[in-house]
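okay, here's the prediction I keep looking at, along with the sequence it came from:
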Amino acid sequence: MSKHRLGEFEELVLLTVAVLYGEAYGIAIIDEMERRLDRTVSIGSLQTVLRRLEKKGYLASELGEVTKVRGGKRKRFFTVTNLGRKALEITKDQRLDLWNSIPNIAFGD
């Protein structure tokens, strides 16, 4: 088993952060996931996964500029690290290998 194993939600968050490159912060990530995946994402579950992915070294973050719109509160922006990209590539390869190994008869073809 690979040491870079991702859970489904972790994988989706990493992919969404990559899609939003440069604009990946909490609410933007939620909005993108809900729009693309047609599923509800809570801020609490997202924050938990973002912290876990950062602790694993798959994400990096930095605080943005202070804005009046947010009452002086800064957004935390996330980016996928090289290690995060590697974890995504391993996960993609594993899934594709499984998909490509399914015999046609398995789906009634």
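That came through, no problem.

all strands of this structure, in order?
According to DSSP state E, the chain carries its strands in the segments 59-66, 74-80.

next, count neighbours for the residue nearest to I29 when sequence neighbours are not counted.
Once flanking residues are discounted, I29 sits nearest to T16: 5.3 Å by C-beta to C-beta, 6 or more residues apart in numbering. No exception for glycine: its C-beta is placed from N, CA and C like everyone else's. Applying other C-beta atoms under 10 Å, we find 22 other residues in the vicinity of T16.

go on, T40?
9.

pretty sure it contacts E34?
Yes - at 6.4 Å, T40 counts as touching E34 under the criterion of C-beta atoms under 8 Å.

relative orientation of the lengthiest helix in the chain and strand 59-66 in degrees?
Selection of the longest helix in the chain by residue count, based on DSSP state H, yields helix 82-101. Per axes from the mean of the first three to the mean of the last three C-alpha atoms, to 10 degrees, the angle that helix 82-101 makes with strand 59-66 is 130 degrees.

E34 versus R85, what's the distance?
Going from R85 to E34 by C-beta to C-beta, to the nearest Å gives 24 Å.

TSV for the strands of the chain, including mean pLDDT?
Output for the strands of the chain, formatted as TSV (pLDDT from 0 to 100):
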stretch	mean pLDDT
strand 59-66	88
strand 74-80	93
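
out of those, which is closest to I30?
With distances scored as C-beta to C-beta, the stretch of the strands of the chain nearest to I30 is strand 74-80 (12.4 Å).
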